[in-house]
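*Asks:* pasting the sequence and the predicted model now:
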Amino acid sequence: MLQNLHTHTVFADGKDTVAEMAEAAIEKGFSSLGFSEHGITDFDPEYSMSLESAPRYAAEVAKAKKKYAGVMEIFCGVEQDYYSLEPNFNCDYRIGSVHYIKKDGEYVIVDGGSAEQLILRIEKYWGGDRMAMCREYYEMVSRLPEITKCQIIGHLDVITKLNELHGVFDTTDAKYREAAFAAVDRLCAKDMIFEINTGAIARGTRTTPYPAPELLSRIREKGGRILFTSDCHDRINLTCGRELAIAAALNAGFNEYAVLEKDGFNTYPIK
């Protein structure tokens, strides 16, 4: 059953319209598609919807849902950042993510820019203590259900986006594992669904999905659920890395994945 719930459009930082993305999904044989535009972050409008555009986004998704009824199920979601404003439209589901950490009154981006820029931010705001940034990040991630009212945890370890190429964080450090595992444990206790996200593969910054294998294994050990997403910003990448995501799930011991349907999230065997 082919579904993607992490999908962006021209209403934020995506390249395609809602209709273009839906048509591409139908051509690829999707049974359903969920749009999850970036929630309103008024301090960084370049990467999010605005109070004015958000209702238009919801209206476009509703129009597509009606147009493609009987062909492909369409859901209207939102990717709520920790600091996003509450959506001013109705959502079928929410993805909770941490893209920023507020330090000294500034919203410090976690996953943007170059490795050199990230290291400079760590020097400026965390006194060069890379593990301190990681601990703060994962503490925020663990609070996403309460803050964003999400059902899905987005790119759990996106803080490591640049790690494969630049090794900014030592993810084998016991302090890193302790912080990341503590977040996983708290989120699993709240019955969160974790996406296996291949977005960074499409962008060329990683060759493997989020989360890392050791985090996926921890999610499995704690009884967490997973689903597959491409974090798609360009319709040509709707299925990018899906086979890698499936392999990662199987290697971690998962044999089922979650799918959003009209009656909520249901599980299906991984094939």
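*Replies:* Thanks, I have the structure now.

*Asks:* residues contacting residue 53?
*Replies:* Going by C-beta atoms under 8 Å, 6 or more residues apart in numbering, residue 53 touches residue 11. Bear in mind the C-beta positions are built from the backbone N, C-alpha and C, glycine included.

*Asks:* now the residue nearest in space to the middle of the chain: closest residue in space, sequence neighbours ignored.
*Replies:* The centre of the chain sits closest to residue 154, judged by C-alpha atoms, centre = their mean, with a distance of 2.7 Å. Closest residue to residue 154 apart from its sequence neighbours, by C-beta to C-beta, 6 or more residues apart in numbering: residue 97 at 3.6 Å.

*Asks:* now do stretch 167-174: distance to the chain's middle.
*Replies:* Taking C-alpha atoms, centre = their mean, to the nearest Å, the mean C-alpha location of stretch 167-174 is offset from the chain mean by 21 Å.

*Asks:* which neighbouring elements make contact with the helix or strand hosting residue 139?
*Replies:* Here residue 139 sits within helix 130-142, counting by DSSP states H and E. The contact analysis (3 or more C-beta pairs under 8 Å, 6 or more residues apart in numbering; DSSP states H and E) places helix 130-142 against strand 100-103, helix 115-126, helix 174-189.

*Asks:* list the buried ones in the helix or strand bottoming out on mean pLDDT in the chain?
*Replies:* Ranking every helix and strand in the chain by mean pLDDT, DSSP states H and E puts helix 163-166 at the bottom, with a mean of 92. For helix 163-166, the neighbour count (16 or more other C-beta atoms under 10 Å) marks residue 163 as buried.

*Asks:* repeat that for stretch 224-243.
*Replies:* Neighbour count says stretch 224-243 has 224-235, 237-242 buried, by 16+ other C-beta under 10 Å.

*Asks:* stretch 143-152 too?
*Replies:* 144, 145, 148, 150, 151, 152.

*Asks:* what about it, start to end distance?
*Replies:* 12 Å (C-alpha to C-alpha, to the nearest Å).

*Asks:* then stretch 88-106?
*Replies:* Stretch 88-106 end-to-end distance (C-alpha to C-alpha) = 25 Å.

*Asks:* try stretch 153-171
*Replies:* First-to-last distance for stretch 153-171 - C-alpha to C-alpha - comes to 20 Å.
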